[in-house]
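**Q** Quick one, structure for this:
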Amino acid sequence: MKPAGVYYPWLSTLGALTIICWQFLLANPGLFATEPLPESMRQAQNLLIAGAVLVLLVVFDIWYYLKSTARSRNQLQQYQAQIGELFDSRRELGTRARTYSDHADKLKMFISERLLETIEYDEKFLHFKNIASEVRHNGVISYDKAQTALQRARLNCEPGQGQQIQDAADGLLYLWDLLDLSTTDNIALHVANRIYDCEEHYFQSMLSDSGDDTSPFTPTFMMTQALRRALLPITDNLDDLELHQEWKCPSRHQDAKFNIQLHTDNEMLGNPNHMVLLIENLINNALYYAQQKEHKNRYSKVAITLAHRDGEVEFKVYNRGPRIKDDEKDKIYQLGFSSRRIREHHGKGLGLYFVNEIAKGFEGSVAFENIDNDTDQLSLSIKLANGELHKQQVGITIVNGKPRCQLDETVDETINKCSWSFASPVVSIEISRRAARKPQVLTDLKRDESSSHLDGKDPLIPRWVLELQNRKRSAKLVLQPLDVRGVEFVARFPTAKSRLDNQD
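**A** Predicted coordinates:
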């Protein structure tokens, strides 16, 4: 932009000087005695005309001066605005520079922390691996001596002690297999090689007409056997889960910690100790979160399901606890990654890594699903001892992620649980839910007895509980929705039969 010039009133100044000189010459005619002034310069009329022209020149100069002043003022304002924008831009650039510098510092700190953690973890892992390798190498003789002594003791033991000695031998073998896994460079390949060996002996025994078992080891195991062995060290009471005897399928077992549903049992190829380690890690991971104070719920236990789908064993483990975030779903199986560390807990990042590697060795897969609360509509038909029939409608809605009761759909008010009082004991309750084919019917409700009844749609993950307090002449009924937010891990493996069928 061209800067505005400073205007000087040249026209009016020159005009004024001309008139002054004119008047000076008229006032001193003697200066021009030889040649007098022209007649036109001595006429008063011309002098007036010159004065009028001077006034016009003054007015023009004033107008031009005001115009140039306004132009200069506008230009000055533009310059000031540009200077202000320049300073604002400079401040913004300074702020951005400081922000980016802080981000860069944080990023460098984050990278350095992760790098240090990785280096530290690698060192610990290598240290652990070296220790395990030394223990395994130096413990071969001791292991053989212990196994030999246990076998002799089992042959010469008194009646009733054989099982205890066999359990000790199995435990020692399990420890030896763990040392094998801890020293191998590729866990999945190590497990797969054992399965291939078992597969060869299994196929030979299936194709043999004589039926003689010449295999140096048992190539198969049952999934319920591996599950029972995984539960033995962490179960408070063996009788509650009937771990002291063989499980039959289908069946259901539960105690204070676990709710187990067995739909079928399947024969698997491979080393049972590898499957025991996989199951142990899944259950221990679920048990850890389920027992945290903020997630503990006496109705929502660790749910375990064993089923058979499309030629594969389907093993599920559900627990109440924090759901896995989207940015963690690809990291949870990585060596050294632990969500407990993120949530200010202590975790080594080995459990799910072992699970994933062993699953790959079995040519299976492991995945997870975040479980959320769902809305529902319940219809209760309550029959009393005096013959009265009461109908109640209860909606289950979600508020801030938690389930709550809503008695009236037209009102936004919700409560934690619904309760009703009756003037006579309750003899039966029929519960119908939205989109359910058959209602859940509760009968044999005795007087002077309190009872709790869980959602029958999914007994392993109940979404509500109905508590009844029956008295001699009255009753109280309470319906409470249950918070079931958690994680369910699903592991699938091909069975021995499916492997045999695929070879045909």
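
**Q** from the middle of its chain, how far away would the biggest strand by length in the chain be?
**A** Across the chain, the strand with the greatest residue count (assigned by DSSP state E) is strand 389-399. In this view, strand 389-399 has its centroid 31 Å away from the chain centroid, taken as Cα atoms, centre = their mean, to the nearest Å.

**Q** neighbouring contacts of the helix or strand following it?
**A** Downstream of strand 389-399, the next assigned helix or strand under DSSP states H and E is strand 402-406. Outside strand 402-406, the residues that touch it by Cβ atoms under 8 Å, 6 or more residues apart in numbering are 373, 394-398, 413-418, 463-464, 479-483. To be clear about C-beta, it is placed using only N, CA and C from the backbone, and glycine gets the same treatment.

**Q** pLDDT of strand 402-406, averaged?
**A** Mean pLDDT, strand 402-406: 92.

**Q** If we go by neighbour counts, what in that strand is buried?
**A** For strand 402-406, burial by neighbour count (16 or more other Cβ atoms under 10 Å) applies to 403-406.

**Q** same check, this time on stretch 422-438
**A** Quick answer for stretch 422-438 (16+ other Cβ under 10 Å): 422, 424-427, 429-431, 433.

**Q** Check stretch 439-449 too.
**A** Buried residues in stretch 439-449 (16+ other Cβ under 10 Å): 440, 442, 445.

**Q** Which of those sits closest to residue 108?
**A** residue 440 (59.4 Å; Cβ to Cβ).

**Q** State the distance from that closest one to residue 398.
**A** 22 Å (Cβ to Cβ, to the nearest Å).

**Q** same deal with residue 60?
**A** 83 Å.

**Q** how about the residue positioned nearest the centre of the chain, phi and psi?
**A** Taking Cα atoms, centre = their mean, the centroid of the chain lies closest to residue 325, which sits 1.5 Å from it. Torsion angles at residue 325 (phi, psi; degrees, to the nearest 10) stand at phi -80, psi 160.

**Q** and which of the buried residues of strand 402-406 is nearest to residue 195?
**A** Of those, the one sitting nearest to residue 195 (Cβ to Cβ) turns out to be residue 403, at 43.8 Å.

**Q** which non-adjacent residue is nearest the closest one?
**A** residue 481 (3.5 Å; Cβ to Cβ, 6 or more residues apart in numbering).

**Q** where does the one you found sit relative to residue 259, distance-wise?
**A** Taking Cβ to Cβ, one finds residue 481 at 18 Å from residue 259.

**Q** so what secondary structure elements neighbour the helix or strand in which residue 489 is found?
**A** Using DSSP H and E, the element containing residue 489 is strand 486-494. Judged by 3 or more Cβ pairs under 8 Å, 6 or more residues apart in numbering; DSSP states H and E, strand 486-494 is in contact with helix 272-290, strand 312-320, helix 351-361, strand 365-371.

**Q** Adding mean neighbour count and mean pLDDT, write these out as a markdown table.
**A** Output for the helices and strands packed on strand 486-494, formatted as a markdown table (neighbours: other Cβ atoms under 10 Å; pLDDT from 0 to 100):
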| stretch | mean neighbour count | mean pLDDT |
| --- | --- | --- |
| helix 272-290 | 22 | 92 |
| strand 312-320 | 22 | 94 |
| helix 351-361 | 22 | 91 |
| strand 365-371 | 16 | 94 |
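
**Q** Turn these into a markdown table, including distance to residue 149.
**A** Converted to a markdown table, the helices and strands packed on strand 486-494 look like this (distance: least, Cβ to Cβ, whole Å):
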| stretch | distance to residue 149 |
| --- | --- |
| helix 272-290 | 20 |
| strand 312-320 | 35 |
| helix 351-361 | 30 |
| strand 365-371 | 38 |
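
**Q** what's the closest of the ones you listed to residue 96?
**A** Using Cβ to Cβ, these put strand 365-371 closest to residue 96, at 38.3 Å.

**Q** Tell me the strands beside the closest one, with direction?
**A** strand 486-494 (antiparallel) (DSSP bridges).

**Q** just to revisit the earlier point, so for residue 481 and residue 259, which residue has more residues nearby?
**A** residue 481 (26 against 21; other Cβ atoms under 10 Å).

**Q** Please look at the more buried one and residue 396 and confirm they touch.
**A** Yes - counting by Cβ atoms under 8 Å, residue 481 touches residue 396, with 5.0 Å between them.

**Q** Give the intersection of the neighbour lists for these two.
**A** 403-405, 463-464.

**Q** can those residues go into TSV with extra columns for distance to residue 181?
**A** Listed next are these as TSV, based on distance: Cβ to Cβ, whole Å:
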residue	distance to residue 181
403	42
404	47
405	49
463	39
464	43
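
**Q** which among those residues gets closest to residue 491?
**A** residue 463 (24.2 Å).

**Q** what pLDDT does the closest residue to that closest one other than its chain neighbours get?
**A** Leaving aside its sequence neighbours, residue 463 sits nearest to residue 455 (Cβ to Cβ, 6+ apart; 4.9 Å). Residue 455 carries a pLDDT value of 90.

**Q** Please report how far the closest residue in space to residue 335 that isn't next to it in sequence lies from residue 97.
**A** Spatial nearest neighbour of residue 335, chain neighbours left out: residue 353 (4.7 Å); criterion: Cβ to Cβ, 6+ apart. Counting by Cβ to Cβ, the separation of residue 353 from residue 97 is 42 Å.

**Q** Next, the contact list for residue 426, please.
**A** 382-385, 445, 468, 470, 475, 477.

**Q** repeat for residue 237
**A** residue 255.

**Q** Find me the pLDDT at it, would you?
**A** Reported pLDDT for residue 237: 85.

**Q** ok, now residue 458?
**A** 85.

**Q** again, but for residue 463
**A** For residue 463, the predicted pLDDT is 91.

**Q** Around it, count how many other residues there are.
**A** 20.

**Q** okay but it is in contact with residue 483, surely?
**A** No - contact status for residue 463 versus residue 483: not in contact, 9.1 Å apart, counting by Cβ under 8 Å.

**Q** Spit out the residues that contact those two alike.
**A** With Cβ under 8 Å, 6+ apart, residue 463 and residue 483 have common neighbours 373, 403.

**Q** hey, what's the nearest residue to residue 397 once chain neighbours are set aside bridged with?
**A** Spatial nearest neighbour of residue 397, excluding adjacent residues (Cβ to Cβ, 6+ apart): residue 406 at 4.9 Å. Taking DSSP bridges, one finds residue 395 as the beta-bridge partners of residue 406.

**Q** Can you work out which other helices and strands pack against the single longest helix found in the chain?
**A** Of all the segments of type helix in the chain, defined by DSSP state H, the longest one is helix 44-138. Counting contacts by 3+ Cβ pairs under 8 Å, 6+ apart, helix 44-138 packs against helix 10-27, helix 162-183.

**Q** can you give me the angle the helix or strand that that helix is followed by makes with helix 162-183?
**A** Proceeding N to C from helix 44-138, the next assigned helix or strand is helix 140-156, under DSSP H and E. Counting by axes from the mean of the first three to the mean of the last three Cα atoms, to 10 degrees, helix 140-156 points 160 degrees away from the direction of helix 162-183.

**Q** thinking again about what came up before, contacts only, for the residue nearest to residue 403.
**A** Counted by Cβ under 8 Å, 6+ apart, residue 481 has contacts 373, 396, 403-405, 417, 463-464.

**Q** Low-confidence regions, the stretch 201-350 of the chain specifically.
**A** 209-215, 339-349 (pLDDT under 70).

**Q** could you pull out the helices for it?
**A** 223-231, 238-241, 272-290, 339-342 (DSSP state H, counting those that start in this stretch).
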